[in-house]
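Student: Structure for the following, please:
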Amino acid sequence: FGPNYFVQCIEEFMSVNKSQPFFIYWAGVLPHKGYDYVVGDNAWNGMPIVDGIDIMNVMGREPEGTGTLRSNVEYMDRMIGYVRSKIVDHGHDNNTIFVFTSDNGSAEYGKGSTKWDRGVHVPLVVAGAPIRRRGSVNRLFSLVDWYNTLADFMGAGVDPTRPNSLSWVDYLQKNSNRVVRKWNLATRGAVFQNGTVNPHVIVRTKNFIVDGDDIFWDC
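Tutor: Predicted coordinates for the structure are as follows:
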């Protein structure tokens with residue numbers, strides 16, 4: 001099962017590098033649909049049947065055509081739990097930062113649309129012993145912020161040539177409640193096309209949105 005192979009590679013990498021700092025970028029393929037060449041359409045893959053959290057102990061698969069978004073997300077959650085358990089096994093639970101996020105919402109939910117922010121409003125979880133526990137918070141964060149946030153975490157400092165990428169290190173590790181980001185922008189394609197602004201742009205602050213049709217929303 002392909003996604004399990006990803007996890008196996010991650011586990012092997014952690015084992016080889018357990019005596020030194022390491023960085024893992026895991027671009028999971030779940031819960032994307034798989035292309036069924038027999039049917040000629042995309043379909044949710046049937047997920048493995050496993051024993052508890054041990055995803056490597058595969059006892060079978062869901063019948064073809066019975067996979068669902070829910071079963072894909074639940075199995076993704078099992079994979080994440082398995083990787084986190086291996087972080088503990090290797091003794092890195094006190095010095096590892098774990099990040100979970102996504103690039104966009106699903107096609108059925110709003111991917112590619114600028115009429116609302118459901119496609120670009122994605123989950124973000126940051127956890128680990130070095131992170132101050134805050135619970136659920138209502139803050140604007142952009143994926144471009146990871147550039148300087150990760151550089152800051154690794155001791156390289158903030159890159160002044162990338163001013164749109166904001167570091168969240170103080171907020172994530174200390175008692176700072178400073179508002180790091182006041183606005184967010186998302187676009188389908190380039191911001192400028194032939195010298196004009198691309199109409200497929202959505203901009204939002206904490207309380208307001210201007211969508212791709214230039215409609216102003218109090219949210």
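Student: roughly how far out does the longest helix belonging to the chain sit from the chain middle?
Tutor: In the chain, assigned by DSSP state H, the helix with the most residues is helix 69-89. In terms of CA atoms, centre = their mean, to the nearest Å, the centre of helix 69-89 is set 14 Å apart from its chain centre.
Student: C-alpha coordinates for that helix, CSV please?
Tutor: Below are the C-alpha coordinates for helix 69-89, written out as CSV (Å, rounded to 0.1, in the frame of the first residue of the first chain):
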residue,chain,number,x,y,z
LEU,A,69,-13.5,10.3,2.3
ARG,A,70,-14.1,9.4,5.9
SER,A,71,-12.2,6.1,5.7
ASN,A,72,-9.3,7.9,3.9
VAL,A,73,-9.1,10.6,6.6
GLU,A,74,-9.4,8.0,9.4
TYR,A,75,-6.5,6.0,7.9
MET,A,76,-4.4,9.1,7.5
ASP,A,77,-5.0,9.8,11.2
ARG,A,78,-3.8,6.3,12.0
MET,A,79,-0.6,6.9,9.9
ILE,A,80,0.1,10.2,11.8
GLY,A,81,-0.4,8.4,15.1
TYR,A,82,2.0,5.7,14.1
VAL,A,83,4.7,8.2,13.1
ARG,A,84,4.3,10.1,16.3
SER,A,85,4.6,6.8,18.3
LYS,A,86,7.9,6.2,16.5
ILE,A,87,9.1,9.7,17.4
VAL,A,88,8.5,8.7,21.1
ASP,A,89,10.2,5.3,20.6
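Student: now E74, nearest residue through space, not along the chain?
Tutor: Using CB to CB, 6 or more residues apart in numbering and skipping the chain neighbours, the partner closest in space to E74 is M47 (7.6 Å). In this view, the C-beta of every residue, glycine as well, is placed from N, C-alpha and C.
Student: surely the one you found meets M76?
Tutor: No. If you go by CB atoms under 8 Å, M47 and M76 don't touch, sitting 9.2 Å apart.
Student: The two - which one has more neighbours?
Tutor: Shown here are M47 and M76; by other CB atoms under 10 Å, M47 has more neighbours (25 against 17).
Student: From L30, how far off is the more buried one?
Tutor: 8 Å (CB to CB, to the nearest Å).
Student: neighbours around D89, how many?
Tutor: Neighbours of D89 using other CB under 10 Å come to 13.
Student: oh, I was asking about V7
Tutor: 20.
Student: can you check L172 too?
Tutor: 19.
Student: Doesn't it belong to a helix?
Tutor: Yes. The assignment for L172, made by DSSP: H, G, I helix; E, B strand; the rest coil, places it in a helix.
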